[in-house]
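S.K.: Could you work out the structure for the sequence below:
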Amino acid sequence: MFDLLWDLLFDAILDSVKLLPFLFITYLVMEWLEHRTGSRTQAAIRRAGKTGPFLGGVLGVFPQCGFSAAASNLYAGGVITAGTLAAVYLSTSDEMLPIFVSWDVPARTILKILFLKMLFGIISGFVLDFLYRNLIRKEIRYKNIHSMCESEHCHCEEGIFISAVRHTLQITLFIFLITLVLNGVIMGIGEENLSGFLLNMPVIGELLAGLVGLIPNCAASVVISQMYLEGLIGAGPMMSGLLASAGVGILILCRMNKKHKKQNVGIIAFVYLASVSWGILIDILGITF
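M.R.: Here you go, the predicted model:
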């Protein structure tokens, strides 16, 4: 029994440590991009108006520290539409990109996933704004706000090197814990049995993955990415989980827009249903990555 536990622990440590240099380099580049383009990106979305879902989907797909949190603040301040916020949530890649890069996933595969997330985010965003205006019949008022508080979520004041180290260590810890659990489950149930069970659950797989994705923490996208790369879930559930995974954005929405709980619940429900629907469509069309 002790030997079995040691093997699980050692394998998890080894798998996690091997990813450290790739994760650090990726996060360092991402932090640099955030500092170079972050304010311009947010300003562009504020100016987008009714075309917000398009711009939110396009800009949201680029990995930026706390971008979903910033979008939540913009929505709570009445600067962007619900559709724009949903587009950002659905398109943002959160921790998927550095994990896929560290696993040496082909660039074509990564770009295909990011493009579909962007496309699904844009379409869903326009649909939500259409429903908002025509069914709820509520005009969206825009106003200027001066304090978005995104710095408390992305810790930009630390500098890109320290911030990259912090992100790398956090995600490495998540990967270690998830790998440990996954290895234990795989060893206990059997890889073929578990993979066959999950891959043969049409619709249910997407529903469950979407719920995991809604967890307001970067661990959600780590779990979904790891399970997909381990071959435990297919393209449909993977897409549902990653579409629903908006990092801490949902937490910030509930905090900053707490006076409008029904709006928050509606947006979260829409993001979940859209994520599951797109994932099911991926399965129906037989799209693979």
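S.K.: This protein: helices as residue ranges?
M.R.: Listed in chain order, the helices of the chain (DSSP state H) span 2-46, 52-60, 67-76, 82-91, 96-102, 107-134, 151-154, 160-189, 191-199, 204-213, 219-229, 235-244, 249-256, 261-285.
S.K.: buried set for the fifth one?
M.R.: Residues 96-102 are the ones in helix 96-102 that count as buried (16 or more other Cβ atoms under 10 Å). In short, each C-beta sits where N, CA and C put it, glycine included.
S.K.: and it, what other elements does it pack with?
M.R.: If contacts are counted by 3 or more Cβ pairs under 8 Å, 6 or more residues apart in numbering; DSSP states H and E, helix 96-102 sits against helix 2-46, helix 107-134, helix 160-189, helix 219-229.
S.K.: would TSV of the ones you listed with distance to residue 281, mean pLDDT and mean neighbour count be doable?
M.R.: Compiled in TSV, the helices and strands packed on helix 96-102 are given as follows (distance: least, Cβ to Cβ, whole Å; pLDDT from 0 to 100; neighbours: other Cβ atoms under 10 Å):
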stretch	distance to residue 281	mean pLDDT	mean neighbour count
helix 2-46	27	69	16
helix 107-134	9	93	18
helix 160-189	27	76	17
helix 219-229	17	84	24
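S.K.: Go through those helices and name the closest to residue 57.
M.R.: Distance to residue 57, taken as Cβ to Cβ, is lowest for helix 107-134 among these, at 3.6 Å.
S.K.: can you give me the angle the closest one makes with helix 82-91?
M.R.: Angular relation of helix 107-134 and helix 82-91 on a 0 to 180 degree scale: 160 degrees, by axes from the mean of the first three to the mean of the last three Cα atoms, to 10 degrees.
S.K.: okay, the angle between helix 107-134 and helix 219-229?
M.R.: Orientation check (the same axes, to 10 degrees): helix 107-134 against helix 219-229 gives 130 degrees.
S.K.: gap between helix 107-134 and the chain center?
M.R.: When C-alpha coordinates are averaged (Cα atoms, centre = their mean, to the nearest Å), helix 107-134 and its chain have centres 13 Å apart.
S.K.: Could you tell me the angle between that helix and helix 52-60?
M.R.: Between helix 107-134 and helix 52-60, the angle comes out at 160 degrees (the same axes, to 10 degrees).
S.K.: elements contacting helix 107-134?
M.R.: Of the remaining helices and strands, those touching helix 107-134 by 3+ Cβ pairs under 8 Å, 6+ apart are helix 52-60, helix 82-91, helix 96-102, helix 235-244, helix 261-285.
S.K.: The same query, at a cut-off of 7 Å, please.
M.R.: helix 52-60, helix 82-91, helix 235-244, helix 261-285 (3 or more Cβ pairs under 7 Å, 6 or more residues apart in numbering; DSSP states H and E).
S.K.: I'd like those laid out as TSV, including mean pLDDT.
M.R.: As requested, the helices and strands packed on helix 107-134 are arranged in TSV below (pLDDT from 0 to 100):
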stretch	mean pLDDT
helix 52-60	87
helix 82-91	94
helix 235-244	94
helix 261-285	95
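S.K.: I'd like to know which of those helices is closest to residue 24.
M.R.: helix 235-244 (22.3 Å).
S.K.: Now do that closest one: everything it contacts.
M.R.: Under the contact criterion Cβ atoms under 7 Å, 6 or more residues apart in numbering, helix 235-244 has outside partners 90, 96, 116-117, 120, 205-206, 209-210, 212-214, 221, 224, 228, 271-272, 275-276, 278-280, 282-283, 287-289.
S.K.: mind running it again at 6 Å?
M.R.: 90, 96, 205-206, 209-210, 212-214, 224, 228, 272, 275-276, 278-279, 282-283, 287-289 (Cβ atoms under 6 Å, 6 or more residues apart in numbering).
S.K.: got the angle for it vs helix 204-213?
M.R.: Going by the same axes, to 10 degrees, helix 235-244 makes 20 degrees with helix 204-213.
S.K.: And helix 235-244, how far out from the chain middle?
M.R.: Shown here is helix 235-244, whose average C-alpha point lies 10 Å from the average C-alpha point of the whole chain (Cα atoms, centre = their mean).
S.K.: Only the buried residues of it, if you could.
M.R.: Of all the residues in helix 235-244, those buried under the rule 16+ other Cβ under 10 Å are 235-244.
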